[in-house]
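Visitor: I'd like to go over a predicted model; first the sequence, then the structure.
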Protein chains: 4
Amino acid sequence: MPQFDTIAGRLDEQAIELPSWAFGNSGTRFRVFGQPGVPRDPFEKVSDAAQVHRHTGLSPSVALHIPWDKVDDYGKLRAHAESEGVSLGTINSNTFQDDDYKLGSLAHRDARVRRKAIDHHLECIDIMDETGSRDLKIWLADGTNYPGQDDMRGRQDRMHEALQEIYGRIGEHQRLVLEYKIFEPAFYHMDVPDWGTSYAQCASLGERAVVCLDTGHHAPSTNIEFIVMQLLRLGRLGSFDFNSRFYADDDLIVGAADPFQLFRILVEVIRGGGYGNDGDTAFMLDQCHNIEDKIPGQIRSVLNVQEMTARALLVDRDALDKAQAAGDVLAANGILMDAFYTDVRPALAEWRAAKGLPADPMAAFASSGYKDRIVAERTGGAQAGWGA
Amino acid sequence: MPQFDTIAGRLDEQAIELPSWAFGNSGTRFRVFGQPGVPRDPFEKVSDAAQVHRHTGLSPSVALHIPWDKVDDYGKLRAHAESEGVSLGTINSNTFQDDDYKLGSLAHRDARVRRKAIDHHLECIDIMDETGSRDLKIWLADGTNYPGQDDMRGRQDRMHEALQEIYGRIGEHQRLVLEYKIFEPAFYHMDVPDWGTSYAQCASLGERAVVCLDTGHHAPSTNIEFIVMQLLRLGRLGSFDFNSRFYADDDLIVGAADPFQLFRILVEVIRGGGYGNDGDTAFMLDQCHNIEDKIPGQIRSVLNVQEMTARALLVDRDALDKAQAAGDVLAANGILMDAFYTDVRPALAEWRAAKGLPADPMAAFASSGYKDRIVAERTGGAQAGWGA
Amino acid sequence: MPQFDTIAGRLDEQAIELPSWAFGNSGTRFRVFGQPGVPRDPFEKVSDAAQVHRHTGLSPSVALHIPWDKVDDYGKLRAHAESEGVSLGTINSNTFQDDDYKLGSLAHRDARVRRKAIDHHLECIDIMDETGSRDLKIWLADGTNYPGQDDMRGRQDRMHEALQEIYGRIGEHQRLVLEYKIFEPAFYHMDVPDWGTSYAQCASLGERAVVCLDTGHHAPSTNIEFIVMQLLRLGRLGSFDFNSRFYADDDLIVGAADPFQLFRILVEVIRGGGYGNDGDTAFMLDQCHNIEDKIPGQIRSVLNVQEMTARALLVDRDALDKAQAAGDVLAANGILMDAFYTDVRPALAEWRAAKGLPADPMAAFASSGYKDRIVAERTGGAQAGWGA
Amino acid sequence: MPQFDTIAGRLDEQAIELPSWAFGNSGTRFRVFGQPGVPRDPFEKVSDAAQVHRHTGLSPSVALHIPWDKVDDYGKLRAHAESEGVSLGTINSNTFQDDDYKLGSLAHRDARVRRKAIDHHLECIDIMDETGSRDLKIWLADGTNYPGQDDMRGRQDRMHEALQEIYGRIGEHQRLVLEYKIFEPAFYHMDVPDWGTSYAQCASLGERAVVCLDTGHHAPSTNIEFIVMQLLRLGRLGSFDFNSRFYADDDLIVGAADPFQLFRILVEVIRGGGYGNDGDTAFMLDQCHNIEDKIPGQIRSVLNVQEMTARALLVDRDALDKAQAAGDVLAANGILMDAFYTDVRPALAEWRAAKGLPADPMAAFASSGYKDRIVAERTGGAQAGWGA
């Protein structure tokens, strides 16, 4: 197995974008439990996100959700981010919280609703121009709850038309990133339920249309790393929304439910040229810290991704290739497992220390006093949430 | 196959309890869409529920959820129900919406929180005494999101102690009904995740502790009618929460996702002596009409249950038994399918007409003017919902 | 709803190909139970298949599996089929039962094994030329059991190269049909696990490469009719392998596990122009009658497909479109359900009688004496099976 | 976290029984690939199993499957095992490979078939007396493929009666161990599909009837460690059949698919008093090495169990309890993960060396020459398999 030193350099290439909404309140349909100190506006969210980067060096940018993160002056928000040591990243559209969108947005039967949803995306592109964002991420809640409720084929065609108009407005250095999800909030069918649909839609839009893979958006038993491999092979893996799940779209801390799966995904990302300077696949988190502390939850998450990336980089590719070529099933599997079972945490602590980062980011944040400060300061106003 | 006439009498035994909350707003964590005319208090919910019974003759009682349906004077609510032609039914407790319950209720580590949760249940029993309800239904949202978050064994033991105290207060003619659910709102483990756990807990409480089977609360591929058979065999199938699902706990209209499964369930209920005058298994709905009209949604639901009950009653038991005994796989399956494929709708329309009910309850409600009236009258005040 | 008469003509367009292997023995890894009278060679299989067509008028062709159905003289087999009133249909290749294929076939690391597997397919095309078959169906058992066992990307690329060579040999009026399957016999990954992979492979091969959708080859909770819609929209739905399942790839009688799903699939096929004279989507069965009688099992299956096709044709498209356009969720769903709940069996019995077919094909076959005859005649020799 | 030294002693308590059939050929319904050197009789299987114990010190006993491992003289087989340094363990019955069992065994409608199946179990108990086995493990393939095929309730009752007779013959120091499985080989319903059924059956049999939990026998998303906790709490966790799965009952090497799940299971076993000298829960493997080498496959498996046991023993219970009591979700989860991410392999190599065992059992076996020897010697005769 390679020594840690030989892969340490590649860890510098890692950047994991944080979702602004992870710092606001979230929950289930049964209850959203509030937490003291939760941000009340996008500026405070960005400040919290910056704490994660400050302690880990892993998360230099923050994704925004429109309209949750609408501000009067994006230049001011951008400057605020920069002053906190981070930048503004992906712009996420939202067409699932207006009464008009009850039965869909880009796939809706009513041209007026589709127009409204398209315009919302064009507005998002305007915001991207102000924030300097590269990616417009589109996750559509569109779908139906009952068989027969609408014509799936017509919806697909209308959605395609709408995406074409949006894609037409994307700048030369920008990308349209189309996310898929098997279910929720629609229960019978989603208009973009699987990677195949997202891929087919993107392929017919153009080169700057790429797929977002959210690790929690698949049927049980789906081999996610296979999809990673395939999308990289097809040149369409635009980004990841990392999180983890035991059942549905649980949005738990990435790596918490199945760390070995996260490892296999990262092995495939590296293998396929999607990692770091090799490629254009963006790493993002998309999580909900319903019951745990939010900032430490995000710190834990980026550390999990980093630890698994280190393990994935440690795979002895030459030995693996030889064992695979020899058809030695147990040896090949053993070589992969060797890397997974290696405890990279001490080496990563040194890596951090060498960069002037805290060896133990969780402990460092806990003793930083930041949490007490925001709890004390953030009184009055309404805590940010999903606005549901 | 038996003639419809020979089973028509058994249809008179059917009663399907409606959930008061089906008439309030509901949705997903992404959005709760409101509807005009939604009730603003338990009295209006009961009035809406009574419409369902008025048009179908199938739903003579309404289940309440405490505290959603708390009123100052339950006698008055009871009288209101009676004046509307229905009665008050099961009392559902709620220990998932108070900040204290963030990490659990009856299974919580903290004795103070458990005390509070137990007291809530004792209060529910007091209400039962006022409303004349037989069943206390307990669905616990207790569980954890992350491995290690709490000790599952300790939680099970604490929950058992708490249930014992509650069971001790249940009256001689009352029942404690314990519901199970595989996941949501907790994502790593639920403290009552499966029928086995609910059964084991009930068996150690006493004879008046029985299981509630919610058709949407199982892992994919679970054979629900087998559980129906087993719980009836063990004498512990207290009640059903009917609804349907494609993925998780979608809470769609019962029979909408897999009508054949509903048929098989009802075949097993009848076979096991759980239907009508034969037994003590209560039929209830537990659904969310997120995007469809609520009162018609409930009418459709009870009709679905009735239609499948009729089909299940039509199974030619003697012929089936003979084919089964002969090991004739195709013939036995064919006899079951014969009943399922029989279109009972015309005969049921006659059954209704003979009772002075509308032949087409959906159309009758639509033309009744009730919807317009409530939309016009129910202005001001806050629409009822889950209070999340 | 349309009258049956108005759709009866479209039923004449239906043809469902039977798999020769459904008449041989099959089972699970635990046991293959034999049945008396099972065919011992392809000629006897074709004779059995012809019985299904004789009694239903629905299955004019028989698919062959090579090498299970290898014969010295395909002209003779073709003539035998014609004399029995059926024709030879799809040729299925088999690259999973030779020791060389233990770790794969078209995706194997070893060029020698790939060569052998490609050559097998070229031989199949030769056979197609003799049998007059249009379709070469390729289902690859290729995959791995353990993470790391082989490089998934390399396998995908090698498989693509091999498919290109095979596709190059397909005649102008022939098609390469690529089937996908989520798992089994490989347990960690399959090289063609989902419709997206099959579609991407076919799209890069050429226009005569199309996808085969086996209804039992998906993850739990997959919305199969959505895939039907999408593949028809993309012009790549080559064929169906019909069967049904409760858990994995159970290969039960089509419509036995979830008749409503079969209905929804057929609604989408018709909607998308894949049915009958409208399109090129072939209907085939791929089933195992492990414990039930095989010929009646196939008769039951084609009748199930026909009954659901009739129901799907009965959907009132105009009314449905209006309800959908109006956003009337319950009405739209209700219109669909109306067709599903209609008992088309009496009308189909008349349809058959009018064509000189038995009104009740199951009973007619049972009383035909065919079963007794083959049980008596087929003594000696080895019963056909999967050759595993 | 505790030092390895403080838990090393507990590792001595570990014993993992090997299945004789893991050394014979196995496969899927599509193909059983043979391997050179595979045993031809129970004696050779025991010899192979002994190799695993010789190199790991972890597997002192071998389970037998009747009739696969039937011999004329069990005393001789017992002596052979002892001479190889192992003993004979659990006796597994088999009522799924005789033509009579096509539609069931203990649950069959026909009293003659049930009698035969009961007698088979009584014969197994006779063998137990000769082999000195404690456990009779009963896995029933009983079930149905089609709704209506048989009456599930009648089957349950008949099965119970049959189990009572068998239980009546179990000796005072013997146990009846009842395994459950969600599906396969039956596809619609299994007569013992879940832990609840197995538990209910055992509870009504008596104290020496306990449940066997096979880790591959659950629906997707089932929380297995919860069941471990519950069965230990109820005093009925008799044994484990360890293996791993991605989809169905894949029977892969334990820990290969989800090592973190194996860890969580072992944490719960230790927590609940089921480990080693604390309890009576037997550890067994039940795996198929379809494509990998069988003896090394078993060595890898027992090492996986040992490694995860060591990690599970390393959990800092006091710290965990404190974090749990404090409701510190992230800290509690972190304490668990600390143990999981610890690389115990070097310490275990030392543990082995100190006992005179090879530090690297996989390498030691590879260089032992045993494989070459059996390949050379075991010519002629029929390789052992499942006898399907």
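Guide: Okay, I see it.
Visitor: Show me the shaky parts of chain A.
Guide: Where chain A drops to pLDDT under 70, the residues are A:388.
Visitor: Residue numbers of it in contact with chain B?
Guide: Within reach of chain B by C-beta under 8 Å from any C-beta of the partner chain, chain A has these residues: A:26-34, A:96-97, A:99, A:102-103, A:141, A:145-147, A:182-185, A:187-188, A:220, A:245-248, A:250, A:252-253, A:256-257, A:290-292, A:386, A:388. Heads up, the C-betas are built off the backbone N, CA and C, glycines and all.
Visitor: Cross-check those against chain C and keep the overlap.
Guide: Restricting the residues of chain A next to chain B to those within reach of chain C (C-beta under 8 Å from any C-beta) leaves A:103, A:145-147, A:182-183, A:188, A:220.
Visitor: Mind checking which of those are in helices?
Guide: Nothing among these maps onto helices, per DSSP state H.
Visitor: These into JSON lines, with extra columns for neighbour count and distance to C:Asp12?
Guide: What follows is these, written out as JSON lines (neighbours: other C-beta atoms under 10 Å in any protein chain shown; distance: C-beta to C-beta, whole Å):
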{"residue": "A:Leu103", "neighbour count": "23", "distance to C:Asp12": "38"}
{"residue": "A:Asn145", "neighbour count": "26", "distance to C:Asp12": "36"}
{"residue": "A:Tyr146", "neighbour count": "25", "distance to C:Asp12": "32"}
{"residue": "A:Pro147", "neighbour count": "24", "distance to C:Asp12": "27"}
{"residue": "A:Ile182", "neighbour count": "23", "distance to C:Asp12": "38"}
{"residue": "A:Phe183", "neighbour count": "22", "distance to C:Asp12": "38"}
{"residue": "A:Tyr188", "neighbour count": "25", "distance to C:Asp12": "32"}
{"residue": "A:Pro220", "neighbour count": "20", "distance to C:Asp12": "41"}
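Visitor: okay, these in a markdown table with distance to chain D next?
Guide: What follows is those, written out as a markdown table (distance: C-beta to the nearest C-beta, whole Å):
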| residue | distance to chain D |
| --- | --- |
| A:Leu103 | 30 |
| A:Asn145 | 22 |
| A:Tyr146 | 24 |
| A:Pro147 | 21 |
| A:Ile182 | 13 |
| A:Phe183 | 14 |
| A:Tyr188 | 20 |
| A:Pro220 | 4 |
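Visitor: Strands along the stretch 201-350 of chain A, start to end?
Guide: Taking DSSP state E, counting those that start in this stretch as the test, the strands found in the stretch 201-350 of chain A are A:209-214, A:237-242, A:282-285.
Visitor: of all those strands, which lies closest to chain D?
Guide: Chain D lies closest to strand A:282-285 among the strands of the stretch 201-350 of chain A, at 15.2 Å (C-beta to the nearest C-beta).
Visitor: ok, the closest one: who's next to it in the sheet?
Guide: According to DSSP bridges, strand A:282-285 forms sheet pairs with strand A:16-19 (parallel), strand A:237-242 (parallel).
Visitor: Let me have the ones you listed in a markdown table, extended by mean neighbour count.
Guide: What follows is the strands paired with strand A:282-285, written out as a markdown table (neighbours: other C-beta atoms under 10 Å in any protein chain shown):
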| stretch | mean neighbour count |
| --- | --- |
| strand A:16-19 | 26 |
| strand A:237-242 | 26 |
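Visitor: Kindly reformat those as JSON lines and extend each row with distance to A:Leu313.
Guide: Shown next, in JSON lines, are the strands paired with strand A:282-285 (distance: least, C-beta to C-beta, whole Å):
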{"stretch": "strand A:16-19", "distance to A:Leu313": "15"}
{"stretch": "strand A:237-242", "distance to A:Leu313": "17"}
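Visitor: A:Asn333: which of those strands is closest?
Guide: Smallest distance to A:Asn333 across the strands paired with strand A:282-285 (C-beta to C-beta): 24.8 Å, for strand A:237-242.
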